[in-house]
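In: Any chance you can model this:
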Amino acid sequence: MRTGAAPPADRLGTFVAARTDASAQMFGAEADRLARLCHRMAERFARGGRLVAFGASAADRSDVRHVAVEFVHPVIVGKRALPALGIEPGEVALLTRPEDIAIAFGAGPAVAGAVAAARGCGCLTLAFAPVGAEWELPPPTGDPLVAQELVETTYHVLWELVHVFFEHRGLLAGRDTRETHDAGASSFLYPFLAEEETDLDAVLADVRASIAAKADETAQLRAQTVHDGGAALDAAAAALRARLDAGGAVLALGNGGSATDAMDAVADLRTPPAMPRPGASWPARRALDLTADPAILTAIANDVGTEAIFARQVIAYGGEHDALLALSTSGNSTNVIAALAEARRRGLATVAFVGYDGGRIAGERLADHVVVTRSEHIPRIQEAQATAWHVLRELIEEPLSTAAGKRR
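Out: This is a model prediction of the structure:
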């Protein structure tokens, strides 16, 4: 795991400050609406509604898949799975139902038309751009990378806190009332243990406080990840840039929510976002998403085993001029470790983003460049890893040693 000299602190501070300021502005302004939206969503789910997500661009579709997997496959023990699916904008009129919740990512005519179709069907609609949704939460930033991070935190918070209202059955229309609520094993997530079932305002106040606390935790974790991992990010950017400039490709992978973060990384490489700085025009870069083809994944998993789903693809697609980007919240996923080992055997440069204490990947130095997000809370890890990737994406095109880097 290479380290090297630490990059300039002022540049890292700029990356962190942009996110900290935008997050404080967004969640400070929207905490009350987000709390009320959690309540409205819980009522819809309680009546049999589903979450239907859609978006038009490749980057937006990574968020579509991320929000769907978070709701369907809860990462907090004891929390119920909630019905959610990701679809194309053109499928909204066909597949939505009146009790559903429609969440739109991105903008443009296709997305706006899908929102209108969802509203016409009776869905509760949410968007992060002005596309005609009932609830609109546009991030207060012109930087598309920062905006995506704020959107990801928002849908994580909605997923986490919608469960609070399920446990207060009397606050949901059409549900039976129970006199008190006991959060039980999940009480550590929330600043309260019991509430009166008829006191919606008190629960909303607690949810608002929890939203603020989660936003602050994410901001601190982003700062830790970028500052502690600054040297690794700088070295990783140089390694990836050299491979890409030589005609190589970045192969990206992960499991679950990390798979959708791999999707986002590939989208950011293939279709560079329009950055708000003058002269910041990035080239399209070669990248492959090893999570993209369900036929390949299920064939390998069924016939060989889940441990091989990524390693087999590294064998097929990876060459000595390529690089592998691996995302894992635990640092211990066996299929990720197997892919890193295969990549090293084949001469690929390897970069890993990991959570917790870094797991085996960090402890055994299984990747050339490792960035550790020191948390045990999976949504917060993924949010900080999104920041780490976006910082890395910037450094690939605007190295710290160039005039462009010093200009910021």
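
In: how far away is the most centrally placed residue in the chain from residue 384?
Out: Most central in the chain under CA atoms, centre = their mean is residue 152, positioned 4.9 Å from the mean C-alpha point. Residue 152 sits 10 Å away from residue 384, going by CB to CB, to the nearest Å. Every C-beta, even on glycine, is put in place using the N, C-alpha and C of the backbone.

In: Might you list the low-confidence residue ranges for the stretch 251-400 of the chain?
Out: Within the stretch 251-400 of the chain, the stretches with pLDDT under 70 are 279.

In: Tell me where it has strands.
Out: Assigned by DSSP state E, counting those that start in this stretch, the stretch 251-400 of the chain shows strands spanning 287-289, 323-328, 349-354, 369-372.

In: Return the list of helices and strands in contact with the second one.
Out: Read it as strand 323-328. helix 230-245, strand 250-253, helix 257-270, helix 334-345, strand 349-354, helix 359-363, helix 378-397 (3 or more CB pairs under 8 Å, 6 or more residues apart in numbering; DSSP states H and E).

In: how about the helix ranked longest in the chain: buried residues?
Out: Using DSSP state H, we find that the single longest helix of the chain is helix 9-46. Residues of helix 9-46 classed as buried: 11-12, 15-16, 18-20, 22-23, 26-27, 30-31, 34-35, 37-46 (neighbour count, 16 or more other CB atoms under 10 Å).

In: With stretch 389-396 instead?
Out: Buried residues in stretch 389-396, counted by 16+ other CB under 10 Å: 389-396.

In: Out of those residues, which is nearest to residue 141?
Out: residue 390 (12.0 Å; CB to CB).

In: Test my guess that that closest one contacts residue 269.
Out: No. Residue 390 lies out of contact with residue 269 (CB atoms under 8 Å); the separation is 11.7 Å.

In: is it true that the residue nearest to the centre of the chain touches residue 380?
Out: No. Between residue 152 and residue 380 there is no contact under CB under 8 Å: 10.7 Å.

In: what residues does stretch 296-309 touch?
Out: Around stretch 296-309, the neighbours that count as contacts under CB atoms under 8 Å, 6 or more residues apart in numbering are 291, 312-313, 334-335, 338.

In: Distance-wise, check residue 307 relative to residue 146.
Out: Separation of residue 307 from residue 146 (CB to CB): 36 Å.

In: which of those two has more neighbours?
Out: residue 146 (22 against 17; other CB atoms under 10 Å).

In: That one belongs to a helix?
Out: Yes. Applying DSSP: H, G, I helix; E, B strand; the rest coil, one finds residue 146 inside a helix.

In: which residues in the stretch 51-200 of the chain form strands?
Out: Under DSSP E, counting those that start in this stretch, the stretch 51-200 of the chain gives strands at 51-55, 84-87, 101-105, 124-127, 135-136.

In: any idea how far the residue nearest to residue 211 when sequence neighbours are not counted lies from residue 124?
Out: Excluding the flanking residues, the one nearest residue 211 by CB to CB, 6 or more residues apart in numbering is residue 31, at 4.6 Å. Look at residue 31 and residue 124: by CB to CB, they are 19 Å apart.

In: picking up where we left off before, got a markdown table for the strands of the stretch 251-400 of the chain, with mean neighbour count and distance to residue 79 too?
Out: A markdown table is the format used below for the strands of the stretch 251-400 of the chain (neighbours: other CB atoms under 10 Å; distance: least, CB to CB, whole Å):
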| stretch | mean neighbour count | distance to residue 79 |
| --- | --- | --- |
| strand 287-289 | 22 | 28 |
| strand 323-328 | 28 | 21 |
| strand 349-354 | 28 | 24 |
| strand 369-372 | 26 | 26 |
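
In: Can you say which of those strands is nearest to residue 93?
Out: Short answer: strand 287-289, nearest of the strands of the stretch 251-400 of the chain by CB to CB, at 28.5 Å.

In: now the closest one: how far from the chain's centre is it?
Out: Offset of strand 287-289 from its chain centre (CA atoms, centre = their mean, to the nearest Å): 17 Å.

In: So what's the residue count around residue 347?
Out: If you count neighbours by other CB under 10 Å, residue 347 ends up with 11.

In: wait, it sits on residue 324?
Out: No. Residue 347 is beyond contact range of residue 324, at 10.7 Å (criterion: CB under 8 Å).

In: and whichever strand or helix holds residue 226, what does it pack onto?
Out: Assigning secondary structure by DSSP states H and E places residue 226 in helix 200-228. The contact analysis (3+ CB pairs under 8 Å, 6+ apart) places helix 200-228 against helix 9-46, helix 144-167, strand 369-372, helix 378-397.

In: For the ones you listed, could you give me a markdown table that also reports distance to residue 98?
Out: Shown next, in a markdown table, are the helices and strands packed on helix 200-228 (distance: least, CB to CB, whole Å):
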| stretch | distance to residue 98 |
| --- | --- |
| helix 9-46 | 10 |
| helix 144-167 | 19 |
| strand 369-372 | 45 |
| helix 378-397 | 30 |
